[in-house]
Each structure stands twice: as structure tokens, then as C-alpha cells.
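Got a predicted structure here, sequence first:
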Amino acid sequence: VAAKHLSLVGCDAVPIGIGVPSDNGTGALFPWAADYDLRAYRGGVRSDGVAAMWEVVESSPVPVALIEIGPHTNAAALLARYPRAASRVQIFAM
């Protein structure tokens with residue numbers, strides 16, 4: 001979903017990561033994004049989005065703002081896998 005959206009608005013140089021599976025099935029936007037080929041995404045797709053988030057957090061000299069617009073499974077996984085992230089991330093959930 002993110003790759004298709006970013007491509008449509010001309011921001012497909014932004015790297016993205018695959019999040020953890022959730023129990024909400026494929027999500028409401030899956031049918032809209034089902035035809036998008038991730039291999040065509042220019043910004044790069046990380047298979048472990050949680051590890052990618054931690055790399056950003058760990059390398060930042062200042063706290064990182066994490067803005068969540070969907071289920072909180074990835075933020076929960078970040079905090080579970082990398083407990084030090086709790087003091088280095090400001091989470092804003094919608």
C-alpha cells in the first residue's frame with residue numbers, strides 16, 4: 001500500500017519496510033494495492049521493516065518521531081525487539 005501510494009504522488013525514492021503480519025487479514029486497502037509490483041519500487045523495500053526502523057532510531061543523534069497511521073503492530077514489535085527504542089522514539093498515533 002505504501003509503495004503504490006508513494007509512487008503515485010512522486011515520492012518513490014523513500015525507502016520502505018515490510019511490517020510484521022497482523023491479524024486483520026490483508027487490510028482494507030489491499031485490493032487497491034494488489035496490482036502493484038514491489039520489485040518496481042525505486043526507493044527500495046526492506047524485508048524487515050522493524051529492523052529498518054531500529055537502524056534509523058539507533059543512528060539518529062536526536063529522538064525520532066514515529067507517526068503511526070494504522071495498526072500499532074510495528075511500533076509494538078520495535079519496542080519488544082529493541083527495548084532501548086522506548087527512550088529514543090516519540091510515538092504519535094492516529
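In hand now; what should we look at?

Tell me where this protein has helices.
Using DSSP state H, the helices found in the chain span residues 2-8, 30-33, 49-59, 73-81.

Quick one: low-confidence residue ranges for this structure.
23-26 (pLDDT under 70).

residue farthest from the centroid of it?
Distance from the C-alpha centroid of the chain peaks at residue 61, with 20.4 Å (CA atoms, centre = their mean).

if I look at that residue, how far off is residue 42?
Note on residue 61: its distance to residue 42, by CB to CB, to the nearest Å, is 28 Å. No exception for glycine: its C-beta is placed from N, CA and C like everyone else's.

Residue 76 too?
Residue 76 is 29 Å from residue 42, where distance means CB to CB.

that older thread, so for residue 88, which of the helices of the chain sits nearest?
helix 49-59 (5.2 Å; CB to CB).

is it true that residue 15 touches residue 44?
Yes. With contact defined as CB atoms under 8 Å, residue 15 counts as touching residue 44 (4.6 Å).

What about residue 3, how many residues nearby?
Residue 3: 20 surrounding residues under other CB atoms under 10 Å.

Tell me who's in contact with it.
When contacts are counted by CB atoms under 8 Å, 6 or more residues apart in numbering, residue 3 touches 12, 16, 33, 36, 38, 41, 43, 45.

now what about stretch 75-90, what contacts it?
With contact meaning CB under 8 Å, 6+ apart, stretch 75-90 is reached by 19-20, 50-51, 53-54, 57-58, 60, 63-66, 68, 91, 93.
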